[in-house]
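> Need a 3D model of the following:
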Amino acid sequence: MGNYSYKAVYIIATCVAVTSLLLPGAHNSAHAQLSLPSVGPDLTRLPSDLDVDRRVAARAQRGAEKAAEIAAVWVDTSTLSVDQTAAQATSIANGLLRELKLGQDPAGADIEDRIVVVLVASDELDALSRPGFKIVAQQHMASLGLTMVTLRLPVNSDLPQAMEVLRDANPDAAIDYNHLYDFTASAPPVGSSDVAAETADTTIEPVSGLRVGVIDSAVMLEHRALAGVHVVARDFATAPGLRPQTHGTAVASLVARSSQKQASIYAASVFFQLPNRAPGATAESLVAALDWLVEQRVAVINMSLAGPGNQLLEAAIARLMAMDAVVIAAVGNNGPSGEPLYPAAYDGVIGITAVDRKNKVFRYANRGEQVEFAARGVDVKVADSLSGGWRIESGTSMASPHVAVIVAQALRAETIASGAVKSWLMANAEDLGRKGLDPVYGYGLITQPPMIVSEN
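I've put the predicted structure just below:
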C-alpha cells in the first residue's frame, strides 16, 4: 500500500469507518468512531484515534485492505473530489459498488459472474431462502414495495443449477442473473468526457413541472444544451470508477430540445466503463434507478438501452406500470434479423424505432412485434460531451426521447390517462410502410409536437 494519494487514503479510511459501523454490535458501541488521518501514505496500521476493540479493529482492517485493493484497480483518484471519494467508499463498503467480474449465462449473454439478484416483496423478505449464497448487498425499494437482495455463490459452484434451486425455494420472488445492458445507439466515444462516479443527487434549480426520466449514462450537466434546464442526476452503477457521459448527454439534450427546455430531466446514471470494454449497465442498477424515478414522481421514463430478458427488470417494470408510469424504450440496433431486445420487448413498454427525414427506417434498427412507433432518430444533432459542442448521431436511442416528451406533455396536460397512452399515440401516428401495424414502423411515425432537429 505504499504510494496512495490523499484521496486514496480517504477512500480507505472511510471504508474502515463504514466497515466498523456494519459490524455486529458496532451500531451500539460508543467506540465505533473514526477521525480521518492527516494527509500521508502510511496505511500500515489503523489510525491511532480509531478507538475500537481488537476484534472490531482487525475486521475493519481487513475491510480497509479489500477497499484499497479495489480502489487501486478501479478508482481514478486523480479525478475524484473528496465528497465523491467518501460516497464511493461508503458504497464499496455496503457492497453496492464492487469489482465486477464478467461471466455468461447459458444463452451466452454477459452477466456478473457468480452473482444472482433477487427481487422480493418487502413483507416476504424474512422468508427468503438462499442456500449456499452469501448476501453481497440488500436494498429496500420503498417506492416499488420490493427489496432487492444481491447474492454471491462460492467459487467453483454451478451458478445455473444453484439459481434454479433458489427459484424453486422462492417461487414468488423474481430471481435472475445480473445481466449487462448496452447502449442501443452506435457506441459513443469514451475518454475525456468520462467522469468519476458520484452517488449523491446533483440538481440545478427547476424551471418547469414537466418531468421526464432518463435511465442512461451520466449527463454532462454544464453543457449549454442543458442551460436553464432542471436536471436531477444520480448514479446507480454497480462498479467503481469512471462513468461514460456521451450517450446520456446526447439523450438528455434531445429531451430538452423536444420539450423546448420545459422538461425537468431526472437522469439516472447506470453505465460504467470497464477496461478494454464498451460501457455496460447491470439489471441491478436498472431496478434501483426505476425505484428512484418512482420516488421522484416521474411518470414517463425513457430507456435508450437494450439487453436480454431478465425477471428482475420485468417485475420492476410491471410494478411500475401498475402505478400508472409509462416506459418508453428504444428497440435496439442489431439489424433487421436481430433478436427482440429488452426492455422494449416487454408487454406494456412502448418500443420505438428510428427513421430519417425521408421517413426511411434506420438500416440497423431491430424489427419485430416490439416495434410500436417510429420517430426521427437518424442524423439528428445532439449535445457532445467530448467537445462541449454538437455532433450528428443516429440510432433508435435518438428516437425514443422525443416520444417520451410527447407522452409526458400529454399526461401533464391531462389530455390522456396513462392507460390510454398507446391508443392515443396510435390515433396520432402517421402510417408508414405496410398499411396498419407492421414490424418495421409499428403503427407509424410520431411527429407532434414538431421536433427541432438542428440548433446553432
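> switch to C-alpha atoms for all contacts and neighbour counts from now on
Noted.
> hang on, residue 302 in a helix?
No: Residue 302: not assigned to a helix; according to DSSP: H, G, I helix; E, B strand; the rest coil it is strand.
> can you tell me which residues contact it?
Contact analysis of residue 302 by C-alpha atoms under 8 Å, 6 or more residues apart in numbering lists 212-215, 327-329, 400-401, 404.
> State the distance from it to residue 253.
Residue 302 sits at a distance of 13 Å from residue 253 (criterion: C-alpha to C-alpha, to the nearest Å).
> need the helices for the stretch 201-350 of the chain, in chain order.
246-258, 283-295, 311-322 (DSSP state H, counting those that start in this stretch).
> Now do the second one: everything it contacts.
Applying C-alpha under 8 Å, 6+ apart, the external contacts of helix 283-295 come out as 117, 141-144, 178-181, 213, 215, 236-238, 266, 268-270, 301, 310, 312-313, 316-317, 320, 325.
> one step back: buried among the contacts of residue 302? Need that as a selection in ChimeraX.
To isolate the buried members of the contacts of residue 302 in ChimeraX, using 16 or more other C-alpha atoms under 10 Å:
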select :212,213,214,215,327,328,329,400,401,404
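> Which of the contacts of residue 302 fall in strands?
Within these, residues falling in strands by DSSP state E are 212-215, 327-329.
> just to revisit the earlier point, adding distance to residue 105, write the contacts of residue 302 out as JSON lines.
Putting those into JSON lines (distance: C-alpha to C-alpha, whole Å) gives the following:
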{"residue": "212", "distance to residue 105": "33"}
{"residue": "213", "distance to residue 105": "30"}
{"residue": "214", "distance to residue 105": "28"}
{"residue": "215", "distance to residue 105": "24"}
{"residue": "327", "distance to residue 105": "26"}
{"residue": "328", "distance to residue 105": "27"}
{"residue": "329", "distance to residue 105": "24"}
{"residue": "400", "distance to residue 105": "29"}
{"residue": "401", "distance to residue 105": "31"}
{"residue": "404", "distance to residue 105": "32"}
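> Mind picking the two most distant members of the contacts of residue 302?
By the measure C-alpha to C-alpha, 212 and 329 form the most distant pair in the contacts of residue 302, at 12.9 Å.
> how about residue 328, what does it touch?
Residues in contact with residue 328 (C-alpha under 8 Å, 6+ apart) are 300-303, 344, 349-352, 400-401, 403-404.
> now, among these, which is nearest to residue 107?
Minimum distance to residue 107 across these is 19.3 Å, recorded for residue 344 (C-alpha to C-alpha).
> Relative to residue 314, how far out is the closest one?
Distance of residue 344 to residue 314, given as C-alpha to C-alpha: 11 Å.
> got it, and residue 382?
As for residue 382, its distance to residue 314 is 30 Å (criterion: C-alpha to C-alpha).
> These two - which one has more neighbours?
Per other C-alpha atoms under 10 Å, whichever of residue 382 and residue 314 has more neighbours is residue 382, with 26 against 18.
> ok, the more buried one to residue 117 distance?
Taken as C-alpha to C-alpha, the span from residue 382 to residue 117 is 35 Å.
> Centre-most residue in this protein?
residue 270 (2.4 Å; C-alpha atoms, centre = their mean).
> if I pick the nearest residue to that residue once chain neighbours are set aside, what's in contact with it?
Closest residue to residue 270 in three dimensions, ignoring its sequence neighbours and counting by C-alpha to C-alpha, 6 or more residues apart in numbering: residue 237, at 4.3 Å. Listed by C-alpha under 8 Å, 6+ apart, the contact partners of residue 237 are 97, 269-272, 281-282, 285.
> ok, residue 237 to residue 300 distance?
The separation that residue 237 has from residue 300, given C-alpha to C-alpha, amounts to 21 Å.
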